[in-house]
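>>> got a sequence here, can you build the structure:
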Amino acid sequence: MRAMTPSTLVIAGVATLLASSVSFGAITNSVGSNTVWSFEAYTNGQDIGTIPTDSWQAPADSIVVVSSNYPTPAADYPIPTNEADHNLILDLRADATNLISSTGNVLVWLDHLVQPRQWDQDGDPDSIPTDAQMAYYFNTNGNMVIYHRGVTNFTDKSNMWSVIEEPVIAEDSWVRVSVGMDYGSGALDGSFKYFQVKINGTLASATDAIVAPGATYTGNGTYFAMAYDSVAQPAGINQVLLNGTGKFDDFVVTTNTPDIIVKHTVVAAIPSGATGGTITPSGQVLVTDGSNQTFVVEAYQYWTIQKVDIDGVTVTNTPASPYTNTMMAVSADATIDAYFEADNTNGVPHWWLVDAGLTVGADPDADPDGDGLTTAQEHLASTDPDDAMSTFRITRTWQANGTNYVQWESELIDPTLSDFVVESADSPTNTFTPAGATVSRGDTNIWTEAATTETFYRLKAEE
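Numbers count the residues shown, from 1 in each chain. Below is the predicted model:
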């Protein structure tokens, strides 16, 4: 038997597997019956596979509860949702079995979160027990692959694997998987019993699945026939096998259909390094599938909304502030980005003039402090246009431990301007060229380079 490296869930239903063991976490046919493992009651590092009174059975150190902080998956947490914390998870390091039993020919859901390891070997896993009713794993493309009985017009009764094309799950991400095993009246044709699988709330479909119970054909269906080799159809679950390695959380067995609320992530942002206003709400915004989400874009005083992009496509140019955009019936992840531009006179921002103690109508070509630089030039140099002592000049140079240091001060910084450039030459009469990396604008600016020969420096400010 080849060792399995992905985290594979196998549902088995042969009673002899439980002949010498106690059935823990029994499921009855009473509506609303839940058996829950949130793992929050355990302690970090606790080995639960060898606890005699627990439903999980495994060799020592095969299943260990560990602490882990992970982001909320796209779909809400499984039943129940009243767990305040999700700080402990089940770390699967080898095969483990949960001795669950279901009786009464009911629809049983196994609802759980999993961070799967991807199967990267040739072919499908070959260590699936012959008594397995279903199994799944994730391949290297991020697709779930489901083990079931292949049924074509109910004549082909061999077991097979089906690749689920959508949704694609990124490697190392958490995914909510809900498996509904129907042992009741939902037989496919009166004899074959079926199951359905939801991936983050979306029903898995495949061309080798049945379109609907009682249908006599396949084709992008969501009903999978149970992969059971015996003539007698299974009447319930006898155990769940976690095979391989991976991480699980919030493992729930229930006769309730999971109330799965699918959510999408809309990233609302102002591009990095930009400024000029706000977008509300901002950051990663979770939106329930099919719901509307409103965003409000508002410019600061002396700023204007330049444009708003959704998924990289401009939806409006220079709208009045505040601007409201409502995404209708959100059905996928998306982005919304807001861009702003400063109100200005000949390139000099009005907000900068006000910060300098001047008026919005101040002439950019005037020199109110008489230091020889116009207001526009002082803006470019990040100096104060109303203070003659604030000039664009090197204020200090020194040498230490083989390094030259150049320092200068800035008082009124426009962060949208380019970095300062330090130029050097071996003589003040020779051509100056950039001496190295640029310097981000700050209140006190220091530039360094290894000292070699005598060097002359000068500063350059650009838009």
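
>>> can you pull the pLDDT of residue 237?
Note for residue 237: predicted pLDDT of 74.

>>> let the chain start at 34 from now.
I'll keep to 34 as the first residue from here, and by that count the last item is residue 270.

>>> how much space separates it from residue 228?
Plainly put, residue 270 is 11 Å away from residue 228 if you go by C-beta to C-beta, to the nearest Å. Where C-beta positions appear, they are placed from N, C-alpha and C, glycine not excepted.

>>> identify the contacts common to the two.
Counting by C-beta atoms under 8 Å, 6 or more residues apart in numbering, the shared contacts of residue 270 and residue 228 are 166, 214.

>>> show me which of those two is the more surrounded one.
Between residue 270 and residue 228, residue 228 has the larger neighbour count (other C-beta atoms under 10 Å), namely 26 against 23.

>>> nearest residue to that one in space, ignoring adjacent ones along the chain?
Distances taken as C-beta to C-beta, 6 or more residues apart in numbering place residue 214 nearest to residue 228, at 4.8 Å, with adjacent residues excluded.

>>> what about whatever helix or strand that neighbour lives in, distance to the chain center?
Here residue 214 sits within strand 208-215, counting by DSSP states H and E. What separates the centre of strand 208-215 from the centre of its chain is 21 Å, taken as C-alpha atoms, centre = their mean, to the nearest Å.

>>> name the helices or strands packed onto that strand?
On a contact count with 3 or more C-beta pairs under 8 Å, 6 or more residues apart in numbering; DSSP states H and E, strand 208-215 meets strand 41-45, strand 140-149, strand 165-172, strand 227-232.

>>> quick one: closest of these to residue 472.
For the helices and strands packed on strand 208-215, the distance to residue 472 is smallest for strand 140-149, at 43.7 Å, taking C-beta to C-beta.

>>> now do the buried residues in that closest one.
Across strand 140-149, burial judged by 16 or more other C-beta atoms under 10 Å covers 140-149.

>>> hmm, residue 207 is touching residue 122, no?
No - with contacts counted by C-beta atoms under 8 Å, residue 207 stays clear of residue 122, the gap being 9.3 Å.

>>> in the buried residues of strand 140-149, find the pair that's most separated.
Farthest apart among the buried residues of strand 140-149 by C-beta to C-beta are 140 and 148. That separation is 26.8 Å.

>>> which ones are touching residue 490?
By C-beta under 8 Å, 6+ apart, the contact list for residue 490 reads 427, 430, 437, 439, 455-457, 468.

>>> please name the bridge partners of residue 454.
Under DSSP bridges, the beta-bridge partners of residue 454 are residue 493.

>>> give the contact list for it.
Counting by C-beta under 8 Å, 6+ apart, residue 454 makes contact with 467, 471-472, 492-495.

>>> farthest pair in these?
So, those by C-beta to C-beta: farthest apart are 467 and 494, at 13.1 Å.

>>> of these two, which one has the most company?
More neighbours surround residue 494 than the other of residue 467 and residue 494, with 19 against 11 (other C-beta under 10 Å).

>>> surely that one touches residue 411?
No - counting by C-beta under 8 Å, residue 494 does not reach residue 411; the two are 10.0 Å apart.

>>> can you list the weak-confidence ranges in the stretch 284-433 of the chain?
In the predicted model, the stretch 284-433 of the chain carries pLDDT under 70 at residues 293.

>>> would you map the strands across it?
Here the stretch 284-433 of the chain has its strands, by DSSP state E, counting those that start in this stretch, at 296-302, 310-313, 316-321, 326-332, 336-343, 346-350, 356-360, 367-375, 377-378, 381-382, 429-433.

>>> dump the residue contacts of the closest residue to residue 472 other than its chain neighbours.
Leaving aside its chain neighbours, residue 472 sits nearest to residue 453 (4.5 Å; criterion: C-beta to C-beta, 6+ apart). By C-beta under 8 Å, 6+ apart, the contact set of residue 453 is 441, 471-474, 478, 492-494.

>>> what subset of these is buried?
Buried members of the contacts of residue 453, scored by 16+ other C-beta under 10 Å, are 441, 472, 474, 478, 492, 494.

>>> I'd say residue 298 and residue 318 touch.
Yes - between residue 298 and residue 318 there is a contact under C-beta under 8 Å: 7.1 Å.

>>> now the common contact residues for those two.
Common contacts of residue 298 and residue 318, defined by C-beta under 8 Å, 6+ apart, are absent altogether.

>>> which residue ranges of the chain form helices?
Applying DSSP state H to the chain gives helices spanning 383-388, 408-414.

>>> what helices or strands is the shortest one leaning on?
The elements that helix 383-388 packs onto, with contact taken as 3+ C-beta pairs under 8 Å, 6+ apart, are strand 367-375.

>>> same question, the last one
Counting contacts by 3+ C-beta pairs under 8 Å, 6+ apart, helix 408-414 is packed against strand 381-382.

>>> and the contacts of the strand it packs on?
Residues from elsewhere that reach strand 381-382 (C-beta under 8 Å, 6+ apart): 335, 375-376, 397, 408-409, 412, 447.

>>> hmm, 6 Å instead?
375, 397, 409, 412 (C-beta atoms under 6 Å, 6 or more residues apart in numbering).

>>> okay, now the sheet partners of that strand, with direction.
Sheet pairing for strand 381-382, using DSSP bridges, gives strand 377-378 (antiparallel).

>>> which residues sit against the partner strand?
By C-beta under 6 Å, 6+ apart, strand 377-378 touches residue 397.

>>> same thing but at 7 Å, please
Strand 377-378 is contacted by residues 383, 397 when judged by C-beta atoms under 7 Å, 6 or more residues apart in numbering.

>>> help me confirm that residue 287 comes into contact with residue 142.
Yes - counting by C-beta atoms under 7 Å, residue 142 is a contact partner of residue 287 at 5.2 Å.

>>> Provide the strand pairings for the strand holding residue 214, with the direction of each partner.
Strand pairing for strand 208-215, using DSSP bridges, gives strand 140-149 (antiparallel), strand 227-232 (antiparallel).
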